[in-house]
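J.: sequence plus the predicted model coming up.
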Amino acid sequence: MTISDVINDFDTLERKNFDEQEISNALTKLVPETNDNNNLELNAELMAFNFAENYKDVKGGWGTYFGPMFVWNNDGNVLESPSINLITPEIINYWKQRTNASTNPIIIARYSGLVFDFHNKICGTNPPYEIQKTYIEALIAVANGSFHKSDVGTYTKLKRALKLAIGLNDAKLIDECKKAIIFFENSNAQDTKPGLWGYSFDLLVGNKKVNLSKEEETEIIKELESKLIRLTNPVSDEQRIDPWAAEAAAERLASYYKKNKMSDDVKRVILEVGKAYEKIFEDASAIQVSGWLNNLYNIYTSHNLNEEADKVLLKLREIGPKVSSELKPVSHSVQIPQEEIDNYINHLTSGSVQEVLRNITIKYIPIKEEAKEKIFDLSKKSPITYIIGHQIQDEKGRVIASIGPLEGDLEGHIIRQISQNLTFSSIFLRLVMQNAIDKLSIGVDDILNFIESSPIISKDRLIIIKKGLEAYFSNDFITAVHLIIPQIEEAVRNIVEYAGGNVLKPSRGGGFHLRTFDDILRDELVKDVFGEDLADYFKILFTDQRGWNMRNNVCHGMASPDVFNHQTADRVLHALLCLGLVQETTEVMNEEQDSEQSGANDINKGIG
């Protein structure tokens, strides 16, 4: 079989329901074992049908609509396939010729699209007007003639066609795009698959570049209203209540009515979604209902339906205990040889008391980059876990935080990973601390000696810290945690004050109050002193709801008695020891330097 045989098999008006990758797969079978790179025709055809359409990597890509199908790292060298570096003016001319000689709109769209996209970068001149027009017309023909294999892929082509037609300011082409979008959606939409409809609204309604008639706009809105009714009030066994798809219709309708100052209609369509959720609550588990209520709360608040949102919060509170009872513990056991544990403990507890405390302190500060690498490794082994979002619930079943898919919420996943690491490493922190206490008789005075030279700990606070340490060594963890955490917060706040930063913010009463602990931990002055890893550790441990959030849970009375145990007390003690790493150093300043730059007593503070 020849190249022409392969192409001609697809290039007929009778051949439909295929995509460009199928042509590439057929052509790949013609590649000789010698991998002859001099075959211009074969290379041009293989590249043509191998490029990825609507390429998303804008930052690292070529600035083109088409991009490589594959990108991988080979010993520090980034390899792409196909690569823009392999496109030559000869290949551009070849694609031009194939555009004129082809029949099937899928094939015409691909050849002409590549010429339009790469012509300027490869040839240094703008593509011919006729190529762009041919490209747009072929994209429209794919939809109108039902040549497509993928509905979503066809919407991508229509969106591209409309954008280019608007760029040309060609009223006729814009009108053809408009009609094709409406026709394609009317022909292929399925109510329970919201990814297959809504494009007419998204691309046309409110688009001033498109001459959408009042009648066409009314029909689009009318169809969305009909979908909302069918999805929330099914009238036959074939239909079912689908609040998620209904939400897709309601959100579009709400934005339309809001823009047209029709507030009653905004409320009406959004409340229909709420009613749809309520109809499916009865047959669902408490965990499912809790998640749906949380989503419903976000929908209501985003549309200023505050009264309805408050009612949802009450329902969330009511269902909380049921959610908690449905949660099941997940356990995993790992066997570690006793010899390895002994060697690990002895390594950290060898030396003087101050050396051991320093070793323990540095060892148990989590490293952000290590957590990130772990996440990427796990995402390859269990991708599903990182594609879907997660909700974090408190002990009463209330949703307190959410973590999105990895692609859009890397920070959230890093926080969760470090939190899990803290829980696991706490086992070893306990073993090490107990061994150090038994082996070196470490006590209250030793901890105070380790931290008292830190300039960020006020001397008058040592008496409170001492009380907290005495409680810790007496296993009175409730007292220890309650006393030490506020002093850690005060010490971190001192970093900002001593560096000339601001720790106050205006209050509603007309005066000022202290910035929150979380706000202080995000201050660049704290990051400069602590470093990113320690600053992030304190946020995860004390103030981030996606992490341990100990400061807020303890100080707001949300922590139950069983939270105050060796695990949490050891972590609070470790955080206190971290403050002891902050030491002051005096630098000799140039006499000509401005006094403001030198600062009080020419002191620079940082991790010692």
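T.: Happy to help now that I have it. Residues are numbered from 1 along each chain as shown.
J.: tell me which stretches of the stretch 301-450 of the chain form strands.
T.: For the stretch 301-450 of the chain, applying DSSP state E, counting those that start in this stretch gives strands covering 390-393, 399-403.
J.: for the top helix by length along the chain, buried residues please.
T.: Longest helix in the chain, counting residues (DSSP state H): helix 410-440. Across helix 410-440, burial judged by 16 or more other CB atoms under 10 Å covers 412-419, 421-422, 425-426, 428-433, 435-436, 440. Yep, even glycine has a C-beta here, placed from its N, CA and C like the rest.
J.: and that helix, how far from the chain's centre?
T.: Relative to its chain's centre, helix 410-440 lies at 26 Å (CA atoms, centre = their mean, to the nearest Å).
J.: name the helix or strand for His513, please.
T.: Per DSSP states H and E: His513 is located in strand 512-514.
J.: let me have the strands of the stretch 301-450 of the chain in TSV, adding distance to Val210 and mean pLDDT as columns.
T.: Listed next are the strands of the stretch 301-450 of the chain as TSV, based on distance: least, CB to CB, whole Å; pLDDT from 0 to 100:
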stretch	distance to Val210	mean pLDDT
strand 390-393	40	78
strand 399-403	36	83
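J.: quick one, what contacts Glu318?
T.: Under the criterion of CB atoms under 8 Å, 6 or more residues apart in numbering, Glu318 has no contact partners.
J.: could you rerun that using 10 Å?
T.: By CB atoms under 10 Å, 6 or more residues apart in numbering, the contact set of Glu318 is Leu293.
J.: circling back: tell me which of the strands of the stretch 301-450 of the chain sits nearest to Tyr277.
T.: strand 399-403 (15.0 Å; CB to CB).
J.: and the contacts of the closest one?
T.: With CB under 10 Å, 6+ apart, strand 399-403 has contacts from 290-291, 293-295, 297-298, 316, 320, 323, 386, 388-394, 409, 411-416, 544-547, 549, 552-553, 558.
J.: report the buried residues of it.
T.: 399, 401-403.
J.: what's the answer for stretch 116-129, then?
T.: Those would be 116-119, 122, 127, for stretch 116-129 by 16+ other CB under 10 Å.
J.: for Ile221, which non-adjacent residue is spatially closest?
T.: With CB to CB, 6 or more residues apart in numbering as the criterion, Ile221 has its nearest non-adjacent residue at 6.2 Å, and that residue is Tyr256.
J.: quick one: mean pLDDT over the helix or strand in which that neighbour is found.
T.: In the assignment (DSSP H and E), Tyr256 maps to helix 243-259. Average pLDDT, helix 243-259: 96.
J.: repeat that for stretch 303-312.
T.: 95.
J.: and that stretch, which residues are buried?
T.: Buried-residue list, stretch 303-312, by 16+ other CB under 10 Å: 303, 305, 308-309, 312.
J.: same question, stretch 188-204
T.: In stretch 188-204, counting by 16+ other CB under 10 Å, buried: 188-189, 191, 194, 196-201, 203-204.
J.: which one of those residues is nearest Glu247?
T.: Distances from Glu247 to the buried residues of stretch 188-204, taken by CB to CB, are shortest for Pro194, at 8.2 Å.
J.: all strands for this protein, in order.
T.: Here the chain has its strands, by DSSP state E, at 70-74, 77-81, 390-393, 399-403, 504-506, 512-514, 582-586, 603-607.
J.: just checking: what are the partner strands of the fourth one?
T.: Right, strand 399-403. strand 390-393 (antiparallel) (DSSP bridges).
J.: and the strand it pairs with, how far from the chain's centre?
T.: Worked out by CA atoms, centre = their mean, strand 390-393 lies 15 Å from the chain centre.
J.: what's near enough to touch Cys578?
T.: 361-362, 364-365, 451, 454, 488, 491, 530, 534, 537-538, 541, 607.
J.: reformat the residues you listed as JSON lines; add distance to Glu20, neighbour count and pLDDT.
T.: Listed next are the contacts of Cys578 as JSON lines, based on distance: CB to CB, whole Å; neighbours: other CB atoms under 10 Å; pLDDT from 0 to 100:
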{"residue": "Thr361", "distance to Glu20": "58", "neighbour count": "20", "pLDDT": "97"}
{"residue": "Ile362", "distance to Glu20": "55", "neighbour count": "14", "pLDDT": "96"}
{"residue": "Tyr364", "distance to Glu20": "53", "neighbour count": "22", "pLDDT": "97"}
{"residue": "Ile365", "distance to Glu20": "51", "neighbour count": "19", "pLDDT": "97"}
{"residue": "Ile451", "distance to Glu20": "65", "neighbour count": "23", "pLDDT": "97"}
{"residue": "Ser454", "distance to Glu20": "64", "neighbour count": "18", "pLDDT": "96"}
{"residue": "Ile488", "distance to Glu20": "59", "neighbour count": "24", "pLDDT": "97"}
{"residue": "Ala491", "distance to Glu20": "61", "neighbour count": "22", "pLDDT": "97"}
{"residue": "Phe530", "distance to Glu20": "52", "neighbour count": "23", "pLDDT": "95"}
{"residue": "Leu534", "distance to Glu20": "51", "neighbour count": "22", "pLDDT": "96"}
{"residue": "Tyr537", "distance to Glu20": "49", "neighbour count": "25", "pLDDT": "97"}
{"residue": "Phe538", "distance to Glu20": "51", "neighbour count": "26", "pLDDT": "97"}
{"residue": "Leu541", "distance to Glu20": "51", "neighbour count": "26", "pLDDT": "97"}
{"residue": "Ile607", "distance to Glu20": "55", "neighbour count": "13", "pLDDT": "59"}
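J.: what pLDDT, on average, does stretch 206-226 get?
T.: 96.
J.: list the contacts of it.
T.: Under CB under 10 Å, 6+ apart, the answer for stretch 206-226 is 162-163, 165-167, 169, 171, 174-175, 177-179, 181-182, 185-186, 189, 191, 197-198, 200-201, 203-205, 248-253, 255-257, 259-260, 265, 268-269, 272.
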